[in-house]
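Visitor: test case, fold it:
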Amino acid sequence: MTIVAPLAIAQSPPAKPPDPTVSTVVTVTAQPMPLSVVPGSVTVLSRDYIESSKADNAADLLRSAPFLDFAQTGASGGFATITIRGGKPNFTLVMIDGIPVNDITNLLGGSFDLSSLPIDDIERVEIVRGPLSSVYGSDAIAGVINFISRKGEDKPTVEVSGELGNFLRRQIKAGTAGSWKALRYAASGSRLDVGQQVLDDGFSVASLTLNGNLRLGTNEGLDFSVRWWDDKNSGFPTGSGGPELALDRQPESDHSKELLLGAAFKGQARPWWTYGVNLDRIERWDNNATPTIYDTIPPGFSTQPSSTSTTDFARTRFGANSLFILPEHLVFALNAGLRYESGSTVGFLEQTIPQSFSLDRTTFLGSSELEYSTDRLTATAGASFDKTKGYGEVTSPRLGVNWLSTKGGPRLKASWAKGFKLPSFYSLANPSVGNPSLRPERAISFDAGIEQPIASARATVSATYFRNDFKDLVDFSSQIFRLVNLSAAIVQGAEVAADYAVTEKVRVGLNFTYMTWSVQNATQPLRDIPHGDGGGYLDWRFSARLRARAETQWMGRRYDFEVPVPNIPSVGGYSNTNLSANYTVNPKFSVYLRGDNLLNSKYHEYIGFPSPGTSIRFGVQFHSRQ
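Guide: Next up, the predicted model:
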């Protein structure tokens, strides 16, 4: 378990609505509970951390988060993904307010581009490492990242900020939050534009959000979320060799729009029974033009033809849940729901060969969980049951335990789970490489760890061992020129972290991950996953007005494949150092500075995709509270 400032408060989980002042996790267990007692491996990025980082989007924010393997195609705005404990990018379920936003029509089979998501209205981020198919079904096979929106405050507030930086970077944000009678609300809008950073890699994203809660009675309420964003970017496509090595110098262009709508009704029928009903929908529209990716000139066998595509994807979910507080420290949860997904792509290879497909599928979902909690012990057992046409019923169990051995002593935790991922629409139906006979990819995972606070030194240290057994992984077969369930992998390793409050104003932390793996029936090792990586931070509150945070990330060498240079198998280790500082001029006005890659490290996250160098941006922020 990792806590990113401020520290969570350790206490036993009560069988009642949680205290909103306590940092809680809502994505792992039957009911929200203090972070310190959650079974499993969890990191929470608090609002304080988000504001102090001065990150513009989810990619900026998560790049330095502990125990995540981040990769981006070159400059800011390039396609950015997260892998967790050796899983593929599409094994990480990304959610906004508990609503999945992964697009299962894209080339990577359901990954999410983190650079497309602005975070100006995000209250906190909850990151769970390990399968959560027992809670969310398909896609949550390696971990979950849940972005939770702000819901408003008692007193009305208005925030406006502007930002300028090199690479013709400019941004404006505006937001308001407050309450009116029984309504709490938060609304915001932003636009970010970045010019050329390396070569032909412009980027812009605009967003509008509205979130809130409406109290309908003493024991009833309605949460709602509306989010729209529009993302435009260009750059060299993955696999092309990037600005340094691509043989076709024409960039890829991509324009996507997304709309998220969500509502959740919650009520309490009895002191021991709470219930809820939720309905949400995500829609995504994407237009893409990718140039030819040449292996040689003239083109050889490995050349990938140019493509154009227009894609529409939608996912609608309806669910109901009940939570029962039982005697003897027990809580029992039941959930049932329906998910409908539809997607279509109209596209061409080399402007002449049709690459169109259309699919839809309906999944019935059910899950249950039993939770036992005392002052020193939390234990959970749960399972989900998913039934999708063509795949039958899939059961995903999960067990977890968190035990405080003695007061002030070490806290021990362990979890075991199974997860699965249904084949994506692209994998099933793409006319060139799709295979309608694909089976779900599966995982069995285990982790065990210890966390020890050292009160005399104002420090906390932790260590976790993990193992993931993946099977039926989808790979490309050159023999039949189709995607097939071919390979399997065993990934195991350790995560170590330490957090130390040097003084009341200075805090430092370190984290490190080491992984090994063995792969069966595959011609290539795991892509974009290093054996070792880590990071560190220094958070310094110089005074009531001035605060600065420095972060460094270290990444080991990792396997990569680029079509023009098949004999270069890996991209090499690097370090990246960022700094953010905020100065409060008066209660309503502040200025801030953020610098990325301050040491101007000439690193590559993919072969041929260089970093743009040092990026500096300066901003001003106006904040008014009535």
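
Visitor: what helices or strands is the longest helix anywhere in the chain leaning on?
Guide: Among all segments of the chain classified by DSSP state H, the helix with the greatest residue count is helix 47-53. Contact analysis of helix 47-53 by 3 or more C-beta pairs under 8 Å, 6 or more residues apart in numbering; DSSP states H and E lists helix 58-62, strand 122-129, strand 546-555, strand 574-586 as its packing neighbours. Placement of C-beta: from N, CA and C, glycine included.

Visitor: can you list those in a markdown table and add distance to Leu247, mean pLDDT and mean neighbour count?
Guide: Shown next, in a markdown table, are those (distance: least, C-beta to C-beta, whole Å; pLDDT from 0 to 100; neighbours: other C-beta atoms under 10 Å):
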| stretch | distance to Leu247 | mean pLDDT | mean neighbour count |
| --- | --- | --- | --- |
| helix 58-62 | 28 | 92 | 22 |
| strand 122-129 | 39 | 92 | 23 |
| strand 546-555 | 27 | 95 | 18 |
| strand 574-586 | 25 | 94 | 17 |
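
Visitor: so the most centrally placed residue in the chain is in which element?
Guide: Central residue check for the chain by C-alpha atoms, centre = their mean: the C-alpha nearest the mean position is that of Ile145, 3.7 Å away. Element membership of Ile145, judged by DSSP states H and E, is strand 143-149.

Visitor: read off the pLDDT value for the closest residue to Ser570 other than its chain neighbours.
Guide: In this structure, Ser570 finds its nearest non-sequential neighbour in Arg557, 5.0 Å apart by C-beta to C-beta, 6 or more residues apart in numbering. You'll see Arg557 listed with a pLDDT of 93.

Visitor: returning to that earlier point: Phe425 is nearest to which of the helices and strands packed on helix 47-53?
Guide: Of all the helices and strands packed on helix 47-53, it is helix 58-62 that lies closest to Phe425, at 23.6 Å by C-beta to C-beta.

Visitor: helix or strand right after that closest one?
Guide: Once helix 58-62 ends, the next helix or strand along the chain (criterion: DSSP H and E) is strand 69-72.

Visitor: what's the first helix or strand after that following strand?
Guide: Sequence order places strand 80-83 as the next helix or strand after strand 69-72, per DSSP H and E.

Visitor: related to what we said a few turns ago, residues contacting the strand holding Ile145, please?
Guide: Contacts of strand 143-149 from elsewhere in the structure, counted by C-beta atoms under 8 Å, 6 or more residues apart in numbering, are 26-27, 58, 62, 82, 84-85, 87, 91-98, 117, 119, 121-132, 136, 186, 209, 211, 225, 227.

Visitor: buried stuff in the helix or strand containing Ser342?
Guide: When elements are assigned from DSSP H and E, Ser342 belongs to strand 330-349. When neighbours are counted by 16 or more other C-beta atoms under 10 Å, the buried residues of strand 330-349 are found to be Val331, Ala333, Asn335, Gly337, Arg339, Glu341, Ser342, Gly343, Ser344, Thr345, Gly347, Leu349.

Visitor: show me what contacts the fourth one?
Guide: Which is Gly337. The contact partners of Gly337, by C-beta under 8 Å, 6+ apart, come to Arg317, Phe318, Gly319, Ala320, Phe364, Leu365, Gly366.

Visitor: re the thing from before, ok now the helix or strand just after the strand holding Ile145, how far from the chain's centre?
Guide: The element immediately downstream of strand 143-149 (helix or strand, assigned by DSSP H and E) is strand 157-165. In this view, strand 157-165 has its centroid 25 Å away from the chain centroid, taken as C-alpha atoms, centre = their mean, to the nearest Å.

Visitor: tell me the helix or strand right after strand 157-165.
Guide: Read in the C-terminal direction, the helix or strand following strand 157-165 is strand 169-180, with elements assigned using DSSP H and E.

Visitor: give the partner strands of the strand holding Ser342 in its sheet and their orientations.
Guide: Using DSSP bridges, strand 330-349 pairs in its sheet with strand 307-326 (antiparallel), strand 353-354 (antiparallel), strand 357-373 (antiparallel).

Visitor: per-stretch mean pLDDT over these, give me the minimum one.
Guide: Among the strands paired with strand 330-349, strand 353-354 carries the lowest mean pLDDT, a mean of 89.

Visitor: got the contact list for it?
Guide: Residues from elsewhere that reach strand 353-354 (C-beta under 8 Å, 6+ apart): Pro305, Gly347, Phe348, Pro431.

Visitor: shaky segments in the chain?
Guide: 1-31, 626 (pLDDT under 70).

Visitor: how about the contacts made by the residue nearest to Glu441 when sequence neighbours are not counted?
Guide: When the adjacent residues along the chain are set aside, Glu441 lies closest to Lys421, with 4.6 Å between them (C-beta to C-beta, 6+ apart). Residues touching Lys421, when contacts are defined by C-beta under 8 Å, 6+ apart, comprise Asn90, Phe91, Gly110, Ser138, Asp139, Ile141, Pro440, Glu441, Arg442.
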